[in-house]
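# just a sequence and a predicted model for now, questions to come.
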Amino acid sequence: MMSVSADLYLDGAEPWHEQAACASYPAEMFFPALETPGASRAAKLVCAACPVREECLSFALDTAQSEGVWGGMDAGERRRMRRRIRDRARRRAS
Ligand code: SF4
């Protein structure tokens, strides 16, 4: 199978893309076919040492990225985080 690097989804539009630790890894490592804890483990290890992890996670949350590992979190983890943030904001507003 041909490997596509993460450079394709980190298109350089954001300043932090230049420091992305995943740029030289295959994109399918960060976008596994199955969303299982084991499938994203290797990607999360790369993210753990990434200098722009916070920026990446903020971008994924702000733009509602629904697939793949961003900022060390898979899609399900980000959905739950977005729900917690939304619930907290609603409680503060009431
Ligand atoms: S946090 Fe992970 S997905 Fe985001 S730029 Fe860094 S290595 Fe890539």
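Happy to help now that I have it. Just so you know, these numbers come straight off a predicted model, no measurement behind them.
# show me the shaky parts of this structure.
For the chain, applying pLDDT under 70 flags the ranges 1-9.
# how about the residue nearest the centre of the chain, phi and psi?
Against the mean C-alpha coordinate of the chain, by C-alpha atoms, centre = their mean, the closest residue is Trp70 at 0.6 Å. Trp70 adopts backbone torsions of phi -130, psi 130, taken as degrees, to the nearest 10.
# residue contacts, it?
30, 56-57, 59-60, 78 (C-beta atoms under 8 Å, 6 or more residues apart in numbering). Heads up, the C-betas are built off the backbone N, CA and C, glycines and all.
# tell me the contacts of Arg82?
61, 64.
# and it, how far from the ligand?
17 Å (C-beta to the nearest ligand atom, to the nearest Å).
# list phi and psi for that residue.
Main-chain torsions, Arg82, degrees, to the nearest 10: phi -60, psi -40.
# what does the protein put close to the ligand?
With C-beta under 6 Å from any ligand atom as the criterion, the chain comes near the ligand at residues 20-22, 30, 46-47, 50, 52-53, 56, 69-72.
# what ranges does this protein have for its helices?
27-30, 41-48, 53-62, 75-93 (DSSP state H).
# dihedrals phi and psi, the nearest residue to Ala33 once chain neighbours are set aside?
Residue nearest to Ala33 in three dimensions, not counting chain neighbours: Ala39, with 7.6 Å by C-beta to C-beta, 6 or more residues apart in numbering. Per-residue torsions, Ala39: phi -70, psi -30 (degrees, to the nearest 10).
# surely Ala39 touches Phe31?
No - in this structure, Ala39 is not within contact of Phe31 by C-beta atoms under 8 Å, at 9.7 Å.
# which residues are in contact with each of the two?
Joint contacts of Ala39 and Phe31 (C-beta under 8 Å, 6+ apart) do not exist.
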